[in-house]
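S.K.: predicted coordinates and the sequence they were generated for:
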Amino acid sequence: MLLLRVKNLVIAALILVFAGSCRKVITLDLHSATPKLVVEADVTDRAGGCQVLLSRTVDFQKDNSFPPVSGASVTITDNAGASTVLQETSPGTYTSSLLGLTGVTYQLQIISGTDTVTGTSTMPVLVNFDSLFVTNDQIFGNTWKLANVAYTDPSDPGHYYQFVQWVNGVKVTQIYTADNELTAGRPQDIKLYLDPNTKDKNKIKKGDDITVEMQCLDEGAHKYWFSAQQSASGNSQNAVPANPVTNLKGNALGYFSVHTSQTRSIVAP
């Protein structure tokens, strides 16, 4: 009986060895997709804040650099019918001196080859960016310096925000959004947490220059950035990563955001 058990164990071990040594090469059939226009369109209430960046997607097999799209017609029209034609100032970059006005709705139209892309966005009221400060916070047993933004939410619903952070002039790639659905009428202190995997050299240190832009967005632009934030942080309910929810119509990815812009800067203590 003991001999039989030993024999069975030897056979089982041999099976595991042979199974572990077998490797099947699987070739994925990645079909080419029709290229899409990628649109990053912003209009702000600050000088130099009207800019549209155009590029085009590439196949999965190619590198992850989207080629700029030149020669497009880019027009922004307000709800009074006044139109502004943006000029291409560098490949794929279209600009204008247009300043967004509170309560005005703007229509974006892009014509590139056979593609026509449109989008609509409204400039919301400005919510004051009261202050920017840095705190020392315990994260995973370590002390991190974090930027904090302070403002007071209006008492009426429907206010949406995005915060963009720079450390020593380098833009932080993380996305920060907020709304006043549950905080209407209350003072807010929003911590701009850094990714737990942030390398030590990229963490905020004493003497670093911190700049934060506070944007007040409309609901459509907020949905884009909120869905991008959820996907990037792994909080999306989708089984696989998905493109952010666009507020554009046509064969395009991206967004059109008409928003207020306020910046504050501080040296980390």
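M.R.: Nice, I can see it.
S.K.: E88 and S73 touch, don't they?
M.R.: No - with contact defined as CB atoms under 8 Å, E88 does not count as touching S73 (9.8 Å). For the C-beta atoms, the positions are set from N, CA and C on the backbone; glycine is no exception.
S.K.: okay, the two: which has more neighbours?
M.R.: E88 (18 against 13; other CB atoms under 10 Å).
S.K.: quick one: the more buried one from T95, how far?
M.R.: To T95, E88 is 8 Å away according to CB to CB, to the nearest Å.
S.K.: so who does Q215 touch?
M.R.: Listed by CB atoms under 8 Å, 6 or more residues apart in numbering, the contact set of Q215 reads 44, 161-164, 257, 259-261.
S.K.: from the residues you listed, which land in strands?
M.R.: Filtering the contacts of Q215 for membership in strands, criterion DSSP state E, returns 44, 161-164, 257, 259-261.
S.K.: now, which of those residues sits nearest V245?
M.R.: S257 (12.9 Å; CB to CB).
S.K.: neighbours of the residue nearest to the closest one when sequence neighbours are not counted, just the number please.
M.R.: Take S257 and drop its neighbours on the chain: the residue closest to it by CB to CB, 6 or more residues apart in numbering is A221, 3.7 Å away. The number of residues packed near A221 is 26, by other CB under 10 Å.
S.K.: quick check, pLDDT for Q162.
M.R.: pLDDT recorded at Q162 is 98.
S.K.: what of S231?
M.R.: For S231, the model assigns a pLDDT of 84.
S.K.: list the buried ones in the helix or strand harbouring it?
M.R.: Using DSSP states H and E, S231 sits in helix 219-233. The neighbour-count check on helix 219-233 (16 or more other CB atoms under 10 Å) flags 220-231 as buried.
S.K.: of the residues you listed, which is the nearest to P196?
M.R.: Using CB to CB, the buried residues of helix 219-233 come closest to P196 at Q229, 15.5 Å.
S.K.: contacts only, for the closest residue in space to that closest one that isn't next to it in sequence.
M.R.: Nearest non-adjacent residue to Q229, counting by CB to CB, 6+ apart: I175, 4.0 Å away. When the contact criterion is CB under 8 Å, 6+ apart, the partners of I175 are 162, 225, 228-229, 232.
S.K.: for the following helix or strand past the helix holding S231, packing partners?
M.R.: Later in the chain than helix 219-233, the nearest helix or strand by DSSP H and E is strand 248-249. Contacts defined by 3 or more CB pairs under 8 Å, 6 or more residues apart in numbering; DSSP states H and E place strand 248-249 against strand 115-122, strand 252-267.
S.K.: among the ones you listed, which comes closest to D130?
M.R.: Of the helices and strands packed on strand 248-249, nearest to D130 by CB to CB is strand 252-267, at 8.9 Å.
S.K.: just the angle between that closest one and helix 219-233, please?
M.R.: 80 degrees (axes from the mean of the first three to the mean of the last three CA atoms, to 10 degrees).
S.K.: buried residues in strand 252-267?
M.R.: 252-262, 264, 266.
S.K.: swap in stretch 169-188?
M.R.: Taking 16+ other CB under 10 Å as the criterion, stretch 169-188 shows 172, 174-180, 188 as buried.
S.K.: distance from that stretch to the middle of the chain?
M.R.: 13 Å (CA atoms, centre = their mean, to the nearest Å).
S.K.: still on that earlier bit, redo the contacts of Q215 as JSON lines? Include distance to E213.
M.R.: Supplementary listing: these in JSON lines, determined by distance: CB to CB, whole Å:
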{"residue": "T44", "distance to E213": "9"}
{"residue": "Y161", "distance to E213": "10"}
{"residue": "Q162", "distance to E213": "8"}
{"residue": "F163", "distance to E213": "7"}
{"residue": "V164", "distance to E213": "4"}
{"residue": "S257", "distance to E213": "12"}
{"residue": "H259", "distance to E213": "10"}
{"residue": "T260", "distance to E213": "10"}
{"residue": "S261", "distance to E213": "6"}
